[in-house]
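[1] Fold the following for me, if possible:
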Amino acid sequence: MAGHSKWANIQHRKGRQDAARSKLFSKLSKEITVAAKMGEPDPDKNPRLRLAVKEAKSQSVPKDVIDRAIKKSQAGDADNYDEIRYEGYGPNGVAVIVEAMTDNRNRTASSVRSTFAKLGGNLGETGSVSFMFDRMGEVVYPISVGDADTVMEAAIMAGAADVESNDESHVIYTADTDLNEVSNALEAVLGESESTKLIWKPQTVTELDLESATKLFRLIEALEDDDDVQIVTANFEVSDEVMEAMSAG
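    Below is the predicted model of the structure:
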C-alpha cells in the first residue's frame, strides 16, 4: 500500500490531480449508489453505505453529489452494477488486484485484459494472487491527531488489529468485518478520519527499481483510467530515490 500511496503523490506532483479528482468523485459516487441500492438508503441503517459516504467526505466530495448518488439508487431506472475482481501480474511479477463495478461484464473484462497485455502484465484467474493479500479495514488519521501511544490506546479500545505510525499519518488496521464498528469507535475519540475503507493489504512487497516502477505505474494508471475500475492494488514498494526520480521525470 505504501507503494501505491507514493504513486498517488507522483500523480499529484505531475499536475494530473484535476482529472484524477473528477474520476475519483465518479468512482466514489458509484460506490455510494451501489451500497444504497443493496440496502437501506440511510447511512445509519446501512454499514456499507455509511463507510462509502465517510470515504467520500474524506475525499472532499460535495454533499450534493453524495445526496444525488443516494437518490439515484432509488430511481426506477438506476443502473445495475456487478462487482467483479480481476487478478494478475504486472511487470517484474508484481501481484495486481483490480476491483470493478460494471453494467457490462464483457466490456470490462475485455478492457482489463487488453490493458494488462499491452503494458507488460498478465491477467490470471480469480484467486491467482489474492492469497498474497489480507482483506482488512483501514482507517487513516493525520499525525496531528496525537502521538503514537495515544492512537495505539484508542485503537486497542476500539478493537483494532494493528497500528502503523510514521511521520505523516497513523494507519489503523481492522478485520474486514469490524471496520464499521471500529471506525465509529475511533471517530468518537479521535474525530473524523482522513480515510476509512476496505483494502487488500499485501503480506509481502516487491522492491522496484526505476525502470520496473515506471512500467508498473503505466499499467496502474491505465487501469485506473477505466471508468469501470474502482480500485487497483499491487504489492510493491519504491524507495524515496526512485519516487523522486519519477516525480522529476
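
[2] Any regions of the chain where pLDDT drops low?
    1-19, 76-78, 249 (pLDDT under 70).

[3] Strands of the protein, residue ranges please.
    Applying DSSP state E to the chain gives strands spanning 82-89, 95-102, 122-123, 133-142, 162-165, 169-175, 195-202, 206-208, 229-234, 236-238.

[4] what would those look like in TSV with distance to Met38 and mean neighbour count?
    Heads up, the C-betas are built off the backbone N, CA and C, glycines and all. Output for these, formatted as TSV (distance: least, C-beta to C-beta, whole Å; neighbours: other C-beta atoms under 10 Å):
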stretch	distance to Met38	mean neighbour count
strand 82-89	10	18
strand 95-102	12	22
strand 122-123	27	16
strand 133-142	18	19
strand 162-165	29	15
strand 169-175	21	22
strand 195-202	15	21
strand 206-208	35	18
strand 229-234	15	22
strand 236-238	32	24
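
[5] nearest to Glu55, of these?
    Comparison of those against Glu55 by C-beta to C-beta identifies strand 195-202 as nearest, at 5.1 Å.

[6] can you give me the angle the closest one makes with strand 133-142?
    Put simply, strand 195-202 runs at 140 degrees to strand 133-142, going by axes from the mean of the first three to the mean of the last three C-alpha atoms, to 10 degrees.

[7] so what does strand 195-202 touch, helix or strand wise?
    Helices and strands touching strand 195-202, by 3 or more C-beta pairs under 8 Å, 6 or more residues apart in numbering; DSSP states H and E, are helix 47-58, strand 133-142, helix 179-190, strand 229-234.

[8] just to revisit the earlier point, now tabulate the strands of the chain in a markdown table and tack on distance to Arg68.
    Output for the strands of the chain, formatted as a markdown table (distance: least, C-beta to C-beta, whole Å):
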| stretch | distance to Arg68 |
| --- | --- |
| strand 82-89 | 21 |
| strand 95-102 | 17 |
| strand 122-123 | 34 |
| strand 133-142 | 26 |
| strand 162-165 | 36 |
| strand 169-175 | 30 |
| strand 195-202 | 21 |
| strand 206-208 | 40 |
| strand 229-234 | 19 |
| strand 236-238 | 36 |
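
[9] right, so of those strands, which gets closest to Lys57?
    Across the strands of the chain, Lys57 has its closest neighbour in strand 195-202 (9.5 Å, C-beta to C-beta).
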